[in-house]
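Visitor: Show me how the following folds:
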Amino acid sequence: MAGAPILVFDSGLGGLSVVAHLRAALPERALAYLCDNAALPYGTKADEWLVERIVSVCRAGVAASEANTLVVACNTASTLALEQLRASIALPIVGTVPAIKPAAEASRSRVIGLLATSATVRRPYTDALIERFAGSCRVIRVAADPLVLEAERLLAGAAPDAEVIAAALAPLFDTPGLDTVVMGCTHFPLLRAWCETLAPRPIQWIDSGAAIARRTAQVAPPGGRRGDLDVSFATAPEHAGLARALARFDFAAPSPITL
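Guide: Next comes the predicted model:
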């Protein structure tokens, strides 16, 4: 599969924050993008339904794109379904998990925040990460599902609602001593400028994008070279603003994925 791309998967457009890092790390490499926007947001869905959905969408996307590597650029999907994906798809698969370890290493106050979806915040996988890498820290977990749709609005060409963002961040800003926040959803780095503006004091905002790109560069087999536009796929390709958002990251208008 000499022309095979790296396929980047997310529930929506959040994975484009990872695409930016992949473009920097692998500038000549062909990418493909896959979003299950018909089921957005993932963070509020039932686990059993999500696992079946994620595996089905990713299998269809791999077949349609002829990819040789799958990047699951979604914390919710990764903390829930990586094992099932690896059992079902015989390709290198790179997951995305909250950057608890680097946040704990960076924090001076030992008070850090985890900003994520409801699903990621409550996941046993997340519990294990915190116990392993941030056992000496106080970790404030904040479910911020509304930020997913605000990031989608931004990429579709609309201004995010600052009041919605402020309300989601308030529990973090109200915590004395908090100096570091893990952006535990790939949508959230797209809103970093708004988060920084609203913060009442300097805070370190940490995400997994660069680490994902480094890992992908290590495990991805040789594949296709990047052209003018890379291909993209969506379960609801007709959604307003989707093609425009993808074009900003050099992807062609999305083709439909049928399950």
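Visitor: can you give me the helices for the stretch 51-200 of the chain?
Guide: Along the stretch 51-200 of the chain, counting by DSSP state H, counting those that start in this stretch, helices occupy 75-88, 100-106, 118-122, 124-133, 146-155, 162-173, 192-198.
Visitor: among the ones you listed, which is nearest Gly241?
Guide: Closest to Gly241 of the helices of the stretch 51-200 of the chain, according to CB to CB: helix 146-155, at 7.1 Å. Yep, even glycine has a C-beta here, placed from its N, CA and C like the rest.
Visitor: mind listing what Asp36 touches?
Guide: The contact partners of Asp36, by CB atoms under 8 Å, 6 or more residues apart in numbering, come to Phe9, Asp10, Ser11, Gly12, Tyr42, Arg53, Ile54, Val57, Ala234, Thr235, Ile257.
Visitor: from those, which ones fall inside strands?
Guide: Counted as lying in strands by DSSP state E, out of the contacts of Asp36, are Phe9, Asp10, Ala234.
Visitor: pretty sure the second one is touching Cys74, no?
Guide: Yes. With contact taken as CB atoms under 8 Å, Asp10 and Cys74 are classed as touching, separated by 4.5 Å.
Visitor: what about the spatially closest residue to Val139 that is not a sequence neighbour, distance to Val182?
Guide: Closest residue to Val139 apart from its sequence neighbours, by CB to CB, 6 or more residues apart in numbering: Ile130 at 5.3 Å. Note on Ile130: its distance to Val182, by CB to CB, to the nearest Å, is 10 Å.
Visitor: So the two - more neighbours on which side?
Guide: In this view Ile130 and Val182 are compared by other CB atoms under 10 Å, and Val182 has more residues nearby, 31 against 19.
Visitor: give the contact list for the more buried one.
Guide: Pro98, Ala99, Ile100, Ala103, Ile112, Gly113, Leu114, Leu115, Ala116, Ile206, Asp207.
Visitor: how far away is it from Ala199?
Guide: Taking CB to CB, one finds Val182 at 15 Å from Ala199.
Visitor: any shared contact partners between Ile130 and Val182?
Guide: Joint contacts of Ile130 and Val182 (CB under 8 Å, 6+ apart) are Ile100, Leu114.
Visitor: returning to what we had before: could I get the helices of the stretch 51-200 of the chain as TSV with mean pLDDT?
Guide: Shown next, in TSV, are the helices of the stretch 51-200 of the chain (pLDDT from 0 to 100):
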stretch	mean pLDDT
helix 75-88	94
helix 100-106	97
helix 118-122	90
helix 124-133	94
helix 146-155	93
helix 162-173	96
helix 192-198	96
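Visitor: Can I get those helices in a markdown table including distance to Pro221?
Guide: Formatted as a markdown table, those follow (distance: least, CB to CB, whole Å):
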| stretch | distance to Pro221 |
| --- | --- |
| helix 75-88 | 16 |
| helix 100-106 | 27 |
| helix 118-122 | 29 |
| helix 124-133 | 27 |
| helix 146-155 | 30 |
| helix 162-173 | 39 |
| helix 192-198 | 32 |
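Visitor: Which among those is found nearest to Arg29?
Guide: Once the helices of the stretch 51-200 of the chain are compared by CB to CB, helix 75-88 is nearest, at 21.2 Å.
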